[in-house]
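Asks: I'd like to go over a predicted model; first the sequence, then the structure.
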Amino acid sequence: MSDGLGHAASGMLASMFQPLHASPDRAIGEHRHILVTGSRVIVRVEASGSARALADPEARAILGREPGDLILGRLGNVHYWASRLPDDQSELSFLDGHRVGDLRSLHGALSDEEWNIAGRATQMLEWQRDHQFCGRCGTANEAVLDTRALRCAADGTTVFPRLSPAVIVLIERSDGRCLLGRNRGWDVPMYSTLAGFVEPGETLEDTVRREVFEEVGVRVDGIRYFGSQPWPFPNSLMLGFVAEWVEGDIAVDGEEVIDAQWFGPADLPMIPPSMSIARKLIDDWLERQT
């Protein structure tokens, strides 16, 4: 990415993961498994403290059956599968050598690639569970070969995995300060870039302008694309932008955003962790201030 956004090129790395829709030959390559129970994922913990997806024998022992309900894709020579366990298996937290946790708690333990794959698994299994039956006639849906879709056996209604696009934007001012806001729902005194969902019929740029004005009362322009990030909480695609302040004083909406301020590099508050595109936007802005 040009336009002076240095971190977009280095921070938003291209994934080497190849999605698959048809099940591969189980005899070819290595196979690893993402097991999901409720909103939690089961992983293997190594002696170093790092975590990884489960090998065939491990997944089989935990499930008590053959693993691999859904093929996710391939990373190099490793095929990744997703399987769901009953949501009420609380005893899984005591599995020797394993860890059960939500995706946020597993960030940094899993590799970045496997963390993203685990996010795919939770999204896809939730989508399958929510669309077992046709929303029009109630007939059971069936998987469509060679594509990621479910189709009604009676009337042909086809549903695809749900994605909810949302913009996330860092607003900067010519005096070297950026605008960050604090969300009502956060338990910690953290400030972050502003974000909001795209409305039907909107361009992404219009969403940026609308969300910023609704949440903090300022006008922006000079909107530049930064990068994107899948965000499986539960099914968002975050589209990052940098925008320039044009006019207006901060006036928070008091509903979603309870405080917003202009910050410089020397007085930044608590900001989001490295897993998020919000942090990458802030880190990019910091780099450009030096």
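Replies: Great, that's in hand. The structure presented is a predicted model; accordingly, all values stated were derived computationally and were not measured.

Asks: Closest to the centroid, which residue in the chain?
Replies: residue 231 (1.3 Å; Cα atoms, centre = their mean).

Asks: Distance check, that one against residue 239.
Replies: 10 Å (Cβ to Cβ, to the nearest Å). Every residue, glycine included, has its C-beta placed from N, CA and C.

Asks: any shared contact partners between the two?
Replies: Common neighbours of residue 231 and residue 239, using Cβ atoms under 8 Å, 6 or more residues apart in numbering, are residue 166.

Asks: residues in contact with the longest helix anywhere in the chain?
Replies: Secondary structure of the chain read by DSSP state H shows that its longest helix is helix 112-130. With contact meaning Cβ under 8 Å, 6+ apart, helix 112-130 is reached by 13, 15-17, 19, 34, 36, 39, 41, 43, 51-53, 69-70, 72-73, 75, 80, 82, 84, 103, 106-107, 110, 148, 150, 161-162, 230-232, 234-235, 275.

Asks: From these, list the buried ones, please.
Replies: Buried members of the contacts of helix 112-130, scored by 16 or more other Cβ atoms under 10 Å, are 17, 34, 36, 41, 43, 51, 53, 69-70, 72-73, 75, 80, 82, 84, 103, 106-107, 110, 150, 231-232, 235, 275.

Asks: So which of these belong to helices?
Replies: Judged by DSSP H, the buried ones among the contacts of helix 112-130 include 103, 106 as members of helices.

Asks: Inside strands: which ones of the buried ones among the contacts of helix 112-130?
Replies: Within the buried ones among the contacts of helix 112-130, residues falling in strands by DSSP state E are 34, 36, 41, 43, 51, 70, 72-73, 75, 80, 82, 84, 150, 231.

Asks: Which members of the residues you listed are the farthest-apart pair?
Replies: 51 and 150 (30.8 Å; Cβ to Cβ).

Asks: roughly how far apart are residue 224 and residue 40?
Replies: Residue 224 is 38 Å from residue 40, by Cβ to Cβ.

Asks: the more surrounded of those two?
Replies: Each of residue 224 and residue 40 has its neighbours counted (other Cβ atoms under 10 Å); residue 40 has more, 22 against 17.

Asks: Cool, thanks, talk later.
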